[in-house]
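A.B. asks: Sequence and predicted structure below; questions after.
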Amino acid sequence: MTQETFTLSGENFHLRKAVESDVVPIVELMVNDVLRRAENTATAEGHTQYLDAFHAIDADPAHLLVVVTDDAATVVATMQLTIIPGLARMGAARLLVEAVRVDEKLRGNGLGTAMMEWAIAEGQRRGASLVQLTSDKSREGAHRFYERLGFEPSHVGFKLFL
């Protein structure tokens, strides 16, 4: 069920909650990301890890995996939202935005902005008072994009792979 429709340059794009059949096109978007290609396989079929992850996300109301489709019902973008309750900031909930991917042919048409504006509003609807995300330090274009939306590069992120 469509939660939002964005009309950009005369084309309609429909944002909705992801369903299991979206897993393969979501993985294809990740595989098309040069920085993350090595972390994903070119085909999601037969890889239970992707379906297991989808089911874990889908089962937890703190998580929302969405896709954006065009009028032909082709998945052209995705992102995952997670509400994180916390004691910091007087018990403020945070919205974590992860795995934002837009088909490279559609970059620059306003779809990413529309998605992020929707995500921020969704975070507010879910009680978040802060939106946070991480972006690979080599993605300078993405950093400029997020800063145009009002995000500030306020922290240094660390990762430890297990």
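C.D. replies: Looks like it arrived, so ask away.

A.B. asks: before we move on, what SS does the residue lying farthest from the centre of the chain have?
C.D. replies: What lies farthest from the middle of the chain is residue 90; by Cα atoms, centre = their mean that is 26.9 Å. On the three-state scheme (DSSP: H, G, I helix; E, B strand; the rest coil), residue 90 is labelled helix.

A.B. asks: One more: the one 10 residues further on?
C.D. replies: When classified by three-state DSSP, residue 100 comes out as strand.

A.B. asks: now the residue farthest from the centre of the chain: how far from residue 129?
C.D. replies: 9 Å (Cβ to Cβ, to the nearest Å). All C-beta atoms are positioned from the backbone trio N, CA, C, and that covers glycine.

A.B. asks: One more: residue 73?
C.D. replies: Using Cβ to Cβ, we find residue 73 at a distance of 35 Å from residue 129.

A.B. asks: Compare the two (neighbour count), which wins?
C.D. replies: Taking neighbours as other Cβ atoms under 10 Å, residue 73 and residue 129 compare with residue 129 leading, 13 against 7.

A.B. asks: So that one sits against residue 91, correct?
C.D. replies: No. The criterion here is Cβ atoms under 8 Å, and residue 129 misses it with residue 91 at 9.4 Å.

A.B. asks: Which residue ranges of this structure form helices?
C.D. replies: 23-31, 48-59, 88-91, 111-125, 140-148 (DSSP state H).

A.B. asks: Which elements pack onto the first one?
C.D. replies: Based on contacts counted as 3 or more Cβ pairs under 8 Å, 6 or more residues apart in numbering; DSSP states H and E, the elements that helix 23-31 packs against are helix 48-59, strand 63-70, strand 75-84, strand 93-102.
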